[in-house]
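S.K.: after the sequence you'll find the predicted model.
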Amino acid sequence: MDLVLEGRAYVRGKLGRWSIGMEDGRIAQIARTIRGGERLDLGDMIILPGAIDPHVHFRDPGMTDKEDFSTGTLAAACGGVTTVLDMPNTLPPAVTASKLAEKKEAIARKAWVDYGLFAGCMAGADIEAMAPLAVGFKVFMGSSTGRLLVTEDLDLAKIAALVKRTGKVLSVHAEDEAMIEHGEERSPVDHLRNRPAAAEVAAIRRLSALDCRINVCHVSSADGLQAMEGLPFTKEVTAHHMLLDRDSDTGAYGKVNPPLRTKEDRLALFQAFISGRIDMLGSDHAPHAIEDKEQEFDVAPSGVPGVETTVPMMLALMKKGTLPLEVLVSAMAERPAEVFGLNKGRLEVGRDADLMVIDPRATVPIKINNLHSKCGWTPFEGWDAIFPHAVFVRGELVVEDGEPAGERAGRDVVAAERS
């Protein structure tokens, strides 16, 4: 056995005192006592499966002044995230097999955590050629960062039919472009007026005609949630849509697509999340440099960082009794692993030894000076969080006491699946 962790662990749906043996990157044994191997007694700390963030934008290649795969994955690791799934709207966009291969080559030696890449879908895209390289596919029905946009129902139907043949998931930015206005904006209130909840509802209704596995990214409104009732889609929510709204004091730092909505929308999303009606917790980590966000609201780009703060904020809510532990573990680890077919997400023999160790007593305020994203800001300064004491990726220690430890351990989950 390479290493045995002893402590309170979330195994088979509940906390108990366990020994977890790790060998060759996998969980090799879970028992009350394990003999042999190096041992680490964690006392009253809690061992949880590492989080899987199904929605990040690490800006690499092409926009590495905002973030790169090294800083992004380090931020992820320090936030308890051991696997990230990166979106295709980079420069150049990952919309062909060759561009995906080039992106993989560019980031291959940078990652602190495991990663998968989404392939971007455009009209006429060669879905079949991209499938062996991609963890999933992404469609933008509404304009956002980059120029990946599919607006016609016929094109969407063709993409969905091709994606279905691959067996993979189609993650969708569900805002109907035809319902997005482009009036002048001076605040998050104006941004919401230009991108109403009705655009989200219309997109979801159009998606209901498609026949493939669909994940609706960053659901942002009560009406959007209601529109998905009875549909066989998975749902993803972000911390910023659950904790911030159009009246939060964010200025352009809170400009994001879909927009921050009303207090009622925020509370509806949060209630759906804590009651276990949301499949996945994603950060939609979309960093921009401070100088970009300091521009006039109308021209400032959309997007907020979150890969390092999302899980720690949810852990703090769990400590306060607001969020059940089993709901958080399901949304941050178990369901993303199931949806995207990853051998991760649970403390279970045979799974990758991806896990975080937390001290539930160690609640601290979020401070930008302690975060690791290149962008250098957060909309959650001062919010309560519980950051991991230690993080392991396939049995390798990558974070200890909130700082990088050991070597970069990250690898491509799709390549690993084929090996």
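M.R.: Looks like it arrived, so ask away.

S.K.: can we go C-alpha only for contacts and neighbour counts from here?
M.R.: Noted.

S.K.: tell me how many other residues surround Ala129.
M.R.: Close neighbours of Ala129, defined as other C-alpha atoms under 10 Å, add up to 13.

S.K.: nope, Ala405 is what I was after
M.R.: When neighbours are counted by other C-alpha under 10 Å, Ala405 comes out with 16.

S.K.: wait, it sits on Leu397?
M.R.: Yes: checked against C-alpha atoms under 8 Å, the pair Ala405 and Leu397 is within contact range at 6.3 Å.

S.K.: what packs against the longest helix anywhere in the chain?
M.R.: Longest helix in the chain, counting residues (DSSP state H): helix 153-166. With contacts defined as 3 or more C-alpha pairs under 8 Å, 6 or more residues apart in numbering; DSSP states H and E, helix 153-166 has these neighbours: helix 127-130.

S.K.: tell me the first helix or strand C-terminal of the helix it packs on.
M.R.: strand 136-140 (DSSP states H and E).

S.K.: ok and that following strand relative to helix 153-166, angle-wise?
M.R.: Orientation check (axes from the mean of the first three to the mean of the last three C-alpha atoms, to 10 degrees): strand 136-140 against helix 153-166 gives 170 degrees.

S.K.: strand partners of strand 136-140, parallel vs antiparallel please.
M.R.: strand 114-120 (parallel), strand 170-173 (parallel) (DSSP bridges).

S.K.: what does the average pLDDT come to for the longest one?
M.R.: On average, the pLDDT along strand 114-120 is 98.

S.K.: return that strand as PDB; C-alpha atoms alone will do.
M.R.: Provided in PDB are the C-alpha atoms of strand 114-120 (Å, rounded to 0.1, in the frame of the first residue of the first chain):
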ATOM      1  CA  ASP A 114      -7.000  15.800 -14.000                       C
ATOM      2  CA  TYR A 115      -8.900  17.400 -16.900                       C
ATOM      3  CA  GLY A 116     -11.100  16.700 -19.800                       C
ATOM      4  CA  LEU A 117     -11.700  18.900 -22.800                       C
ATOM      5  CA  PHE A 118     -15.100  19.800 -24.400                       C
ATOM      6  CA  ALA A 119     -15.300  19.900 -28.200                       C
ATOM      7  CA  GLY A 120     -17.200  22.900 -29.600                       C
END
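
S.K.: give me the contacts around the longest strand along the chain.
M.R.: In the chain, ranked by residue count with DSSP state E as the criterion, the top strand is strand 38-49. Residues outside strand 38-49 that contact it (C-alpha atoms under 8 Å, 6 or more residues apart in numbering): 1-10, 329, 333, 345-347, 354-360.

S.K.: repeat for stretch 160-167
M.R.: 127-128, 131, 137, 169-170, 210-213.

S.K.: now list the buried members of these.
M.R.: 127, 131, 137, 169-170, 210, 212-213 (16 or more other C-alpha atoms under 10 Å).

S.K.: going by distance to Ile368, which of the residues you listed wins?
M.R.: Distance to Ile368, by C-alpha to C-alpha, is smallest for Phe137 among the buried ones among the contacts of stretch 160-167, at 32.5 Å.

S.K.: residues contacting the closest one?
M.R.: 118-121, 163, 168-171.

S.K.: let's see 6 Å
M.R.: Residues in contact with Phe137 (C-alpha atoms under 6 Å, 6 or more residues apart in numbering) are 118-120, 170.

S.K.: thanks a lot, catch you later.
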